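>>> Could you look at this predicted model? Sequence included:
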Amino acid sequence: MSDTQDDTPPVRTKRNLGMFVAFKTGQSVMVQVPLENQRYWGRVIGSEPYEFFILTMPVVPGITRLAAPGATLTLRMENEGEVFGFSCKVISTTLKPQPLLILSYPTTTERLQLRRHRRIKCLIPSRLENDSFRSSVFIVDISRGGCKLIMEVFKDKSVNLMVGDRVDLGVVLDSTSDFQCRATVVSNVEAGYARFIGASFDPDDAANQKILNAFMDRLEIIDSLVEQHL
């Protein structure tokens with residue numbers, strides 16, 4: 001499915017309602033007829049979760065073969081460091097003014113992690129600080145190697161934080177405990193009244209890495225259970 005090498009095997013899951021796939025408007029999707037080498041690139045323009053999604057396709061030779069209602073297509077797409085592969089049936093099509101495919105929502109999917117560490121979406125209250133800056137933040141995804149933080153930005157509050165800065169991150173593990181770890185800022189992007197900060201954990205902080213790994217063991221088990229039963 002991908003030439004990218006990763007120690008984590010693809011994960012196959014199945015749900016009664018079908019696999020929830022985070023289709024985003026404008027997202028690129030590779031489309032292929034099974035057992036054929038020709039590949040086409042489409043773009044998501046809409047979806048109804050668990051029912052259908054809509055692709056706009058390029059006007060190229062052979063595209064009409066994809067458009068036959070009932071035809072089965074193989075699709076691949078990348079989303080936040082993971083590659084998803086699944087099969088869908090063509091529900092209906094239109095060729096003018098531009099080829100559009102309405103496809104059945106996937107019921108099963110293959111997923112391949114591209115990142116070295118598995119990332120888990122979450123919402124964990126934390127503290128971010130160094131010698132010149134301190135703020136409350138929320139971790140919105142986390143892995144054994146780092147995390148993404150969101151911080152509210154107010155007009156009267158300056159954010160004295162740059163890529164490459166070393167910071168201390170206080171992470172709430174549960175209702176009774178938390179821990180402090182060293183990290184390095186690897187990204188810092190403002191979006192409206194929020195700022196998204198990427199942080200890489202210090203791999204030489206052995207004591208806190210042990211605590212973090214135990215915490216991630218718990219999160220990964222919970223995340224897998226959620227995927228299987230929701």
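Happy to help now that I have it.

>>> Quick check: beta-bridge partners of residue 168?
Beta-bridge pairing of residue 168 under DSSP bridges involves residue 129, residue 182.

>>> Spit out the contact partners of it.
The neighbourhood of residue 168, defined by C-beta atoms under 8 Å, 6 or more residues apart in numbering, consists of 127-130, 180-183. All C-beta atoms are positioned from the backbone trio N, CA, C, and that covers glycine.

>>> Quick one: the helices in this protein, in order.
Using DSSP state H, the helices of the chain run over 63-66, 206-229.

>>> among those helices, which is the most enclosed?
Most buried of the helices of the chain, by mean neighbour count (mean count of other C-beta atoms under 10 Å): helix 63-66, with a mean of 15.

>>> which helices and strands sit right next to that helix?
Packing contacts for helix 63-66, counted by 3 or more C-beta pairs under 8 Å, 6 or more residues apart in numbering; DSSP states H and E, involve no helix or strand.

>>> Export it to PDB, keeping only CA atoms.
Extracted in PDB, the C-alpha atoms of helix 63-66 (Å, rounded to 0.1, in the frame of the first residue of the first chain):
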ATOM      1  CA  ILE A  63     -12.200   8.000 -16.400                       C
ATOM      2  CA  THR A  64     -15.500   6.800 -17.800                       C
ATOM      3  CA  ARG A  65     -14.700   3.200 -16.900                       C
ATOM      4  CA  LEU A  66     -14.600   4.300 -13.300                       C
END
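
>>> Relative to the whole chain's centre, how far out is that helix?
Relative to its parent chain, helix 63-66 has a centroid offset of 30 Å by C-alpha atoms, centre = their mean, to the nearest Å.
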